[in-house]
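>>> quick check, what structure comes out for this input:
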Amino acid sequence: MSDNNSNDNTVNVIIHLSDDEDGISRDENHVINKNDLTLSEEIVIKDKLMSENNIYLSEEAMIKEKIKEKDEEVKPQKLTFLERLKKIKIDPVLIVAWLMAIISSFFTYPDEKYPSYIDWRSLGILWSLMVVIRGLRDNSVFEIVGKFLLKRVKYGWQLASVLIFMCFFGSMLITNDVALITFVPFAIIILKSSGREDMMILVVVFQTVAANMGSMLTPIGNPQNLYLYGITGMPIHEFILTMLPLTSLTFFLLILSIFILPKKKRAIIIDEYYTIVKKHENKFHITIYFILFIMAICSVLRLIPWYIAAGVILGIVLILDYHVILKVDYILLLTFIGFFIFTGNMGRIEKVKDILEDLINGKEFWIGLITSQFISNVPATLLLSEFANNYKNLLQGVNIGGLGTLIASMASLISYKLASNVYPKKKGKYLLIFTLVNIIYLIILCPFWYLLYQVILKENNNNLE
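Predicted coordinates:
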């Protein structure tokens, strides 16, 4: 890449900065030596008619620091302690969880039983998975997989299918949150670059549905699954079979949904719009993270003690790249602890426990689904599990409950923020389409659940008896 005014080793890079929560925020121009481009993110050529020196690079906010190290003209921004505090966002769910925990402690005074409220196993495994998946993500493993899958894409419907089903199947292994954080920005870049912005809102909405519904198949797909899998002691095959019918129906609904996307006859050649500058140089790190991921999965399946897996992961990652440990979502872990304390206290008040058990017993699916619409499905799971009798119905209810309102699954807020930051004038349109699609899926999935689990399977069980 060269022009008349620059040597062959210099490129003008347009960087679109983003972070996990706020998405793509702004462009910055940097003159960088090509030999210094060791970043693992994709390089997207926005227009073949543009100069070959004009390159589009998508990355998270942390890329800013990496660029500053390469470009002497850009000085690092120094923030005071107070400025850093102002940047910390207050999580409303965390505040509610701890307010409930504190208020409940006036009715059940703190004592030696408080530590037993907390499901340390679930927290330890969740932390281990978050660390390992963050390490893989920082090494752009998921983006590399995405680029590989897009190599044979020629038409818009094929492009949409790959982008949507990457979220569906990816969420089963890397959680719904990480699938959306990774693949929604990836989708936005590819769709903009290939001239298919007309599909943007629908694709992102279906990516969100795909991530939320695909994640319900496995214990590690989302936090509520991991928690319920841990406290029930359910075998892995039983867990998957419990969720398989609902996941399968969602899969077919997503296939049908692709047909409503805007259609264009012209072919799409993805290679014209992006190229990989260089894959991550440190393959050793990627290998180690894959080994640690297998270890974390073994702890989920109870093949090795969770605390041994967590200890090994902590020790190795501290040596390998301690920054990864600092990037874990500790807000989520603290939220869990707050709800554990609240439900533990409520469970020790006999009258309250009896009332809640009577209210929830036999209605776990519907109570879980409805509660999720107002407080999100992870808090709903933590609150209701203490008083539920049928954990399978609760598991199905809170997962299907991820559909509906924007806050029914906190993961849905991730894609909303990413899309609305790119298209701020289309927030209303996004919310309208999101809500409509979610309601349609609920209208189909809820009767299916009732017919299958409350009619057909119940009759079969009665006949066997």
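>>> pLDDT weak spots in this protein?
Scanning the chain for pLDDT under 70 picks out 1-89, 264-281, 459-465.
>>> how does it look with 50?
The chain contains residues with pLDDT under 50 at 1-6, 16-25, 34-77, 272-278, 463-465.
>>> spatially central residue in it, please.
What sits nearest the mean C-alpha location of the chain, by C-alpha atoms, centre = their mean, is Asp177, with 1.0 Å.
>>> so that residue: helix, strand or coil?
With DSSP: H, G, I helix; E, B strand; the rest coil as the basis, Asp177 sits in helix.
>>> the nearest residue to Lys426 once chain neighbours are set aside: neighbour count?
If the residues on either side of it in the chain are set aside, Lys426 comes closest to Ile201, at 6.5 Å by C-beta to C-beta, 6 or more residues apart in numbering. All C-beta spots, glycine's among them, are computed from the backbone N, C-alpha and C. Per other C-beta atoms under 10 Å, the neighbour tally for Ile201 reads 17.
>>> just the element for Ile201, please.
helix 200-214 (DSSP states H and E).
>>> give the other helices and strands that that helix contacts.
helix 156-174, helix 176-193, helix 236-258, helix 410-422, helix 427-449 (3 or more C-beta pairs under 8 Å, 6 or more residues apart in numbering; DSSP states H and E).
>>> just the angle between it and helix 156-174, please?
30 degrees (axes from the mean of the first three to the mean of the last three C-alpha atoms, to 10 degrees).
>>> tell me the first helix or strand C-terminal of helix 200-214.
That would be, after helix 200-214 and using DSSP H and E, helix 223-232.
>>> now that next one: buried residues?
Pro223, Gln224, Asn225, Leu226, Tyr227, Leu228, Tyr229, Gly230 (16 or more other C-beta atoms under 10 Å).
>>> cool, and stretch 411-431?
In stretch 411-431, the ones that count as buried by 16+ other C-beta under 10 Å are 411-422, 430.
>>> contact partners for the residue nearest to Lys426?
For Ile201, the contact set (C-beta atoms under 8 Å, 6 or more residues apart in numbering) comprises Ala419, Tyr423, Lys426, Lys429, Tyr430, Ile433.
>>> next up, the contacts around the second one.
Taking C-beta under 8 Å, 6+ apart as the contact definition, Tyr423 lies against Met200, Ile201, Tyr430.
>>> the second one and Pro245: what is the separation?
Using C-beta to C-beta, to the nearest Å, Ile201 is found at 29 Å from Pro245.
>>> thinking again about what came up before, any chance of the buried residues of stretch 411-431 in JSON lines with distance to Ser105 as columns?
Converted to JSON lines, the buried residues of stretch 411-431 look like this (distance: C-beta to C-beta, whole Å):
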{"residue": "Ala411", "distance to Ser105": "30"}
{"residue": "Ser412", "distance to Ser105": "32"}
{"residue": "Leu413", "distance to Ser105": "29"}
{"residue": "Ile414", "distance to Ser105": "32"}
{"residue": "Ser415", "distance to Ser105": "36"}
{"residue": "Tyr416", "distance to Ser105": "35"}
{"residue": "Lys417", "distance to Ser105": "34"}
{"residue": "Leu418", "distance to Ser105": "38"}
{"residue": "Ala419", "distance to Ser105": "40"}
{"residue": "Ser420", "distance to Ser105": "38"}
{"residue": "Asn421", "distance to Ser105": "39"}
{"residue": "Val422", "distance to Ser105": "44"}
{"residue": "Tyr430", "distance to Ser105": "40"}
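>>> all strands of the stretch 251-400 of the chain, in order?
With DSSP state E, counting those that start in this stretch as the criterion, the stretch 251-400 of the chain has strands at 274-275.
>>> who's in contact with stretch 233-246?
By C-beta under 8 Å, 6+ apart, stretch 233-246 touches 213, 216-219, 225, 228-229, 301, 391-392, 395-396, 399-400, 445, 448-449, 452.
>>> now with 7 Å?
Stretch 233-246 is contacted by residues 216-219, 229, 301, 392, 395-396, 399-400, 445, 449, 452 when judged by C-beta atoms under 7 Å, 6 or more residues apart in numbering.
>>> biggest separation within those, which pair?
Farthest apart among the contacts of stretch 233-246 by C-beta to C-beta are Leu301 and Leu445. That separation is 27.9 Å.
>>> higher neighbour count, those two?
The neighbour count for Leu301 versus Leu445, taken as other C-beta under 10 Å, is higher for Leu445 (20 against 13).
>>> if we can go back for a sec, out of the helices and strands packed on helix 200-214, which one sits most buried?
Of all the helices and strands packed on helix 200-214, helix 176-193 has the most neighbours on average by mean count of other C-beta atoms under 10 Å, namely a mean of 25.
>>> CA atoms only: put that helix into CSV for me.
Output in CSV follows, covering the C-alpha atoms of helix 176-193 (Å, rounded to 0.1, in the frame of the first residue of the first chain):
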residue,chain,number,x,y,z
ASN,A,176,-24.7,-15.2,25.4
ASP,A,177,-23.0,-12.0,26.6
VAL,A,178,-19.6,-12.7,25.1
ALA,A,179,-21.2,-13.9,21.8
LEU,A,180,-23.0,-10.6,21.4
ILE,A,181,-20.1,-8.4,22.6
THR,A,182,-17.9,-10.2,20.0
PHE,A,183,-20.1,-10.8,17.0
VAL,A,184,-22.5,-7.8,16.9
PRO,A,185,-19.6,-5.3,16.3
PHE,A,186,-18.2,-7.8,13.8
ALA,A,187,-21.6,-7.9,12.0
ILE,A,188,-21.9,-4.1,12.0
ILE,A,189,-18.5,-3.8,10.3
ILE,A,190,-19.2,-6.4,7.7
LEU,A,191,-22.7,-5.2,6.8
LYS,A,192,-21.6,-1.6,6.5
SER,A,193,-18.6,-2.5,4.4
